[in-house]
Structures are given as structure tokens and as C-alpha cells.
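[1] I'd like to go over a predicted model; first the sequence, then the structure.
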Amino acid sequence: MMGSILRYSCSLYLAQSLSHLVTYPTALINLVGSLLMGILIAVGQVRLGQHVSLFLMTGILGGFTTYSAFSAETFHLLREEFYLSALSYVALTLIGGLVALSVGYFSARAIL
């Protein structure tokens, strides 16, 4: 919940600051979340402990942006050299997400 509040606050601030660039606030939040997730993956469990690291990654960053979790999972697959799995995961997430959103949108429009 704290991450979601942080995301909302950042979105409002960025939307006012970058009002001419409609989608950039979301992109910036996703990039910052991914950067922070990378830092936590690198130092989190060693320096902060497993429980604090999990809280920050899933509790805070998970609410701040689910994109950071997507990036972390893809990075894990690449680091373990599961390249085809990583490519499939990225394609499924991006293309599948757009398709699912489109199906939901047009289904709801048809019903309403």
C-alpha cells in the first residue's frame, strides 16, 4: 500500500511537471522502480536481510510499479542463461498484456 501511495504521489507531481508528455510519468516511475529493484537484488539480502529485502521489493516496489518485478524476473532468467524463457516471458507479458487489455476493453464496450 505504501508503494501505491508513493506511485500515486509521483504520478501527480510528474503529470503536472510533464503535462505535455502524457505517458512519460508512468515510464519514469517504471524505470526508477526497475533501478531500485536492481539495487535491492544486488545488495538487498546480503546487507538488509531476507525479510527486509522482500518487504522492500514486494511490499514497496511491488506497489510502486509491477514493472520492476517484471524486470527482476526477466533478469533472473537471463542471469541463469534461460534466454528462450526470458524472450518468451517478455513477449508474453508485453504482447499478451496488450491483447488482454484490448479484449477487455472491446468486450466491455460491446456489453455497455
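    Noted; the coordinates are in hand. Numbering: from 1, shown residues only.
[2] And stretch 83-97, how far out from the chain middle?
    14 Å (C-alpha atoms, centre = their mean, to the nearest Å).
[3] so where do the helices sit in this structure?
    2-17, 24-43, 50-54, 62-64, 66-79, 83-111 (DSSP state H).
[4] and L112, how far is that from L101?
    16 Å (C-beta to C-beta, to the nearest Å). Placement of C-beta: from N, CA and C, glycine included.
[5] Looking at the two, which is more packed in?
    Comparing L112 with L101 by other C-beta atoms under 10 Å, the one with more neighbours is L101, at 10 against 5.
[6] State the distance from the more buried one to V43.
    Per C-beta to C-beta, L101 is found 35 Å from V43.
[7] Over to Y67?
    Distance of Y67 to V43, computed by C-beta to C-beta: 20 Å.
[8] And for G59?
    17 Å.
[9] more crowded one of those two?
    G59 (14 against 11).
[10] Contacts only, for the more buried one.
    Residues counted as contacts of G59 (C-beta atoms under 8 Å, 6 or more residues apart in numbering) are 2-3.
[11] Now mean pLDDT too, for the helices of the chain, in TSV please.
    Shown next, in TSV, are those (pLDDT from 0 to 100):
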stretch	mean pLDDT
helix 2-17	84
helix 24-43	82
helix 50-54	88
helix 62-64	86
helix 66-79	86
helix 83-111	90
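[12] Could you single out the most deeply buried of those helices?
    helix 62-64 (a mean of 19; mean count of other C-beta atoms under 10 Å).
[13] Report all helices and strands that that one contacts.
    helix 2-17, helix 24-43 (3 or more C-beta pairs under 8 Å, 6 or more residues apart in numbering; DSSP states H and E).
[14] just how off-centre is that helix within its chain?
    Its chain's average C-alpha position is 7 Å from that of helix 62-64, according to C-alpha atoms, centre = their mean.
[15] how close does the residue nearest the centre of the chain sit to C10?
    Residue closest to the mean C-alpha point of the chain, counted by C-alpha atoms, centre = their mean, is Y67 at 1.3 Å. According to C-beta to C-beta, Y67 stands 13 Å off from C10.
[16] cool, I39 as well?
    Per C-beta to C-beta, I39 is found 18 Å from C10.
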